[in-house]
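Novice: Provide a 3D model corresponding to the input given below.
(one chain, ligands or ions: 1)
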Amino acid sequence: MRTPYVDQNACIGCGLCVTNVPQVFRLTDHDKAEVFDPGGESEDTIQREAMDVCPVSCIYWQE
Ligand code: SF4
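Specialist: Numbers count the residues shown, from 1 in each chain. Down below sits the predicted model:
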């Protein structure tokens with residue numbers, strides 16, 4: 001299973017990934033997205049609803 005992770009240095013805290021895939025992503029106290037449940041959604045959904053729409057493309061797969 002591939003694990004998604006967020007490069008928090010690049011994240012601008014727009015919240016899009018959290019809104020689209022709340023089973024996997026949440027915002028930290030510092031308004032950066034983080035992965036709290038990598039298996040909370042299918043890889044397909046994470047790819048389409050979070051990675052592909054992140055305005056700064058800062059969500060990656062970790063093999
Ligand atoms: S969509 Fe990208 S920039 Fe927006 S909160 Fe998620 S990781 Fe951060």
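Novice: Any buried residues in stretch 35-52, and which?
Specialist: Residues 35, 38, 41, 46, 49, 50, 51 are the ones in stretch 35-52 that count as buried (16 or more other Cβ atoms under 10 Å). Using the backbone N, CA and C atoms, a C-beta is placed for each residue, glycine as well.
Novice: And the contacts of that stretch?
Specialist: Identification of contacts with stretch 35-52 by Cβ atoms under 8 Å, 6 or more residues apart in numbering yields 1-6, 16-17, 20-21, 23-26, 57, 59-60.
Novice: near the ligand, from the residues you listed?
Specialist: Taking Cβ under 6 Å from any ligand atom as the test, the ligand is in contact with 6, 16, 17, 59 out of those.
Novice: Surely the second one is in contact with residue 56?
Specialist: Yep, that's residue 16 we're talking about. No - taking Cβ atoms under 8 Å as the definition, residue 16 is not a contact partner of residue 56, at 10.3 Å.
Novice: out of the two, which sits in the busier spot?
Specialist: residue 16 (16 against 10; other Cβ atoms under 10 Å).
Novice: In helices, which of the contacts of stretch 35-52 appear?
Specialist: Members of those lying in helices (criterion: DSSP state H): 16, 17, 20.
Novice: Hmm, the second one is touching residue 54, no?
Specialist: Yes - using Cβ under 8 Å, residue 17 and residue 54 qualify as a contacting pair, with a distance of 6.0 Å.
Novice: More neighbours: which of those two?
Specialist: residue 17 (26 against 22).
Novice: chain center to stretch 47-57, what's the gap?
Specialist: 8 Å (Cα atoms, centre = their mean, to the nearest Å).
Novice: ok, now which ones touch residue 9?
Specialist: Applying Cβ under 8 Å, 6+ apart to residue 9 gives the contacts residue 58.
Novice: Assumed it was part of a strand.
Specialist: No - using DSSP: H, G, I helix; E, B strand; the rest coil, the assignment for residue 9 is coil, not a strand.
Novice: Okay, it and the ligand: tell me how far apart.
Specialist: Residue 9 is 11 Å from the ligand, where distance means Cβ to the nearest ligand atom, to the nearest Å.
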